[in-house]
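Novice: any chance you could fold what I've pasted below:
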Amino acid sequence: MTSLFSRVLPCAVLGAAVAAFSTDRTAQAHPHVFVDGGVNFVLDDRGALTSLDVIWRYDPFETLYTLSSLEIAPEPDGSLVAGDRQRVSDHMSDWPDTFEGSTHLSIAGEKHILSRPRSMGVELVDGSLVLRFRRHLEKPFGMEGQTAEVAFYEATFFYKFSVTEAPEIYRTAGKACSAEVIPFDRDRELEALQLTLSALGRDETPQDANVGALFADRVVLRCD
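Specialist: The predicted model follows:
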């Protein structure tokens with residue numbers, strides 16, 4: 001997978017960062033990046049799903065890596081100035097063509113393509129980068145009597161996404177909808193597979209090209 005974070009981090013900075021985190025956490029080869037967050041659903045006045053508002057909160061190690069690669073230093077109070085927030089936004093919005101954004105939407109079992117990130121906001125909160133952005137469907141989809149599912153994963157398991165934000169529904173009209181988080185349900189077979197993946201080296205990739213889907217948290221939207 002082409003990483004969003006391909007810039008070289010100076011050795012001295014990287015060494016200091018690694019020392020700041022537990023050996024167990026950094027020694028694992030997979031996943032490489034840990035992201036918390038969630039999704040909110042945006043419906044139009046006819047009750048059609050038009051877009052998703054996505055929230056990503058990066059772990060402190062990846063945050064340090066990203067800021068260092070961009071030669072950005074936080075302010076003494078731990079915040080970022082407006083210019084630096086814009087630089088991070090530009091960098092994080094520049095997705096490779098092969099990157100789907102780790103947010104996979106299906107409605108009634110059918111996959112729907114989402115736009116690239118729009119209006120990305122950036123904050124630095126308690127040492128973690130928090131990104132908020134909107135992704136549009138190719139065209140609005142009527143949700144009456146439908147179920148939509150958003151799965152958070154990177155196909156090759158380099159990223160570990162955890163849904164930690166309760167989903168919200170933004171709408172102005174239409175029948176009632178509800179949304180809930182369905183966490184990844186670990187069983188013995190998947191625990192064994194996860195252990196195998198963790199033993200892979202950085203230059204190795206899983207045989208299953210879509211293995212990340214097996215470990216995905218999901219958010220489900222249901223409308224009457």
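
Novice: so which residues of this protein form strands?
Specialist: For the chain, applying DSSP state E gives strands covering 33-43, 48-58, 103-107, 110-112, 118-125, 128-142, 147-152, 159-163, 169-170, 177-182, 217-223.

Novice: and Gln86, which of those is closest to it?
Specialist: Gln86 lies closest, by Cβ to Cβ, to one member of these: strand 118-125, at 7.8 Å. Bear in mind the C-beta positions are built from the backbone N, C-alpha and C, glycine included.

Novice: buried residues, that closest one. List them.
Specialist: Of the residues in strand 118-125, those with enough neighbours to count as buried (16 or more other Cβ atoms under 10 Å) are 120, 122, 124.

Novice: so which of the residues you listed is the closest to Val88?
Specialist: When the buried residues of strand 118-125 are compared for distance to Val88 (Cβ to Cβ), Val122 comes out closest, at 4.7 Å.

Novice: still on that earlier bit, worst mean pLDDT among the strands of the chain?
Specialist: Comparing those by mean pLDDT, the weakest confidence falls on strand 159-163, with a mean of 83.

Novice: for it, C-alpha coordinates in PDB please.
Specialist: Once non-C-alpha atoms are left out, strand 159-163 reads as follows in PDB (Å, rounded to 0.1, in the frame of the first residue of the first chain):
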ATOM      1  CA  TYR A 159      -3.900   0.800   9.600                       C
ATOM      2  CA  LYS A 160      -5.900  -0.200  12.700                       C
ATOM      3  CA  PHE A 161      -9.200   1.900  12.800                       C
ATOM      4  CA  SER A 162     -11.300   1.800  15.900                       C
ATOM      5  CA  VAL A 163     -14.800   3.500  16.000                       C
END
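
Novice: what's opposite Ala151 in the beta bridge?
Specialist: His104, Arg218 (DSSP bridges).

Novice: can you tell me how far it sits from Val39?
Specialist: Separation of Ala151 from Val39 (Cβ to Cβ, to the nearest Å): 10 Å.

Novice: same thing with Val219?
Specialist: 5 Å.

Novice: tell me, what's touching these two both at once?
Specialist: Between them, Val219 and Val39 have 150, 152, 163, 167 as joint contacts when contacts are counted by Cβ atoms under 8 Å, 6 or more residues apart in numbering.

Novice: need the contact list for the residue nearest to the second one when sequence neighbours are not counted.
Specialist: If I follow you right, that is Phe152. Counting by Cβ to Cβ, 6 or more residues apart in numbering, Phe161 is the residue found nearest to Phe152 once chain neighbours are left out, at 3.8 Å. In this structure, Phe161 makes contact with 35-37, 102, 152-154, 216-217, judged by Cβ under 8 Å, 6+ apart.

Novice: neighbour-wise, which of these leads?
Specialist: Per-residue neighbour counts (other Cβ atoms under 10 Å) across the contacts of Phe161 peak at Phe152, which has 28 neighbours.

Novice: quick check, it in contact with Ile182.
Specialist: No. In this structure, Phe152 is not within contact of Ile182 by Cβ atoms under 8 Å, at 11.1 Å.

Novice: next, show the common contact partners of those two.
Specialist: For the pair Phe152 and Ile182, residues contacting each of them under the criterion Cβ under 8 Å, 6+ apart are 217-219.

Novice: dump the residues you listed to JSON lines, plus distance to Thr66.
Specialist: As requested, those are exported to JSON lines (distance: Cβ to Cβ, whole Å):
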{"residue": "Asp217", "distance to Thr66": "23"}
{"residue": "Arg218", "distance to Thr66": "27"}
{"residue": "Val219", "distance to Thr66": "25"}
